[in-house]
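**Q** With the sequence up front, the predicted model follows.
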Amino acid sequence: MYRRELFRIIGSAAVPQRPAQFLSDQQMRKLDSLVETIMPGARDTKVAAFIDLTLQKGDVAMRKTWTGGIEALTDLEGAARNEAHPVSEADRFFVLLKRTTIEAHYLLLSGGHNMTHGFAGCTHANHGEPE
């Protein structure tokens, strides 16, 4: 649900170089560090700025999830160990953060083009038929 919210607002994937739009400077520095640790190169593609811009236009629930998650995530390594079975708010946020970081990074690398653009669907002979 939150992932769809994030990418619903894309419009243009060009993320301008400017100060944080929603997050505080401290939250922005932490987010930038987190996304770079999760996905080397995310800083270059401005993933943190993209997330911040999305949060600026997002709803209250999404904003609370992200601000609370950024605050709660103090042990990235521990949260990563619990990824398969998250037990805390920080662990659950890590799952969202990792998925969003990877998807945003590749979306921004592609220039904002839908990664499935031009995909006509499966052409496998028995697609959709019970085996």
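**A** Perfect, thanks for sending it. Numbers count the residues shown, from 1 in each chain.
**Q** What is the longest helix seen in the chain packed up against?
**A** Longest helix in the chain, counting residues (DSSP state H): helix 89-109. Applying 3 or more C-beta pairs under 8 Å, 6 or more residues apart in numbering; DSSP states H and E, we find helix 89-109 packed against helix 2-8, helix 25-38, helix 47-57, helix 60-72, helix 76-81. The C-beta positions use only the backbone N, C-alpha and C, and glycine is treated the same way.
**Q** okay, and for the chain, where does confidence drop off?
**A** 1-18, 112-131 (pLDDT under 70).
**Q** Quick check, central residue of it?
**A** Centroid-nearest residue in the chain, with C-alpha atoms, centre = their mean: residue 100, separated by 1.9 Å.
**Q** Relative to residue 59, how far out is that residue?
**A** Remark: distance between residue 100 and residue 59 (C-beta to C-beta, to the nearest Å) = 16 Å.
**Q** re the thing from before, residue 109: which of the helices and strands packed on helix 89-109 is closest?
**A** Proximity to residue 109 (C-beta to C-beta) singles out helix 47-57 among the helices and strands packed on helix 89-109, at 10.1 Å.
**Q** Return that closest one as PDB; C-alpha atoms alone will do.
**A** Extracted in PDB, the C-alpha atoms of helix 47-57 (Å, rounded to 0.1, in the frame of the first residue of the first chain):
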ATOM      1  CA  VAL A  47      16.700   8.400  -3.700                       C
ATOM      2  CA  ALA A  48      16.400  10.300  -0.400                       C
ATOM      3  CA  ALA A  49      15.300  13.500  -2.200                       C
ATOM      4  CA  PHE A  50      12.800  11.500  -4.200                       C
ATOM      5  CA  ILE A  51      11.300  10.000  -1.100                       C
ATOM      6  CA  ASP A  52      11.200  13.400   0.600                       C
ATOM      7  CA  LEU A  53       9.500  15.000  -2.300                       C
ATOM      8  CA  THR A  54       7.000  12.100  -2.300                       C
ATOM      9  CA  LEU A  55       6.300  12.500   1.400                       C
ATOM     10  CA  GLN A  56       5.700  16.200   0.800                       C
ATOM     11  CA  LYS A  57       2.800  15.300  -1.400                       C
END
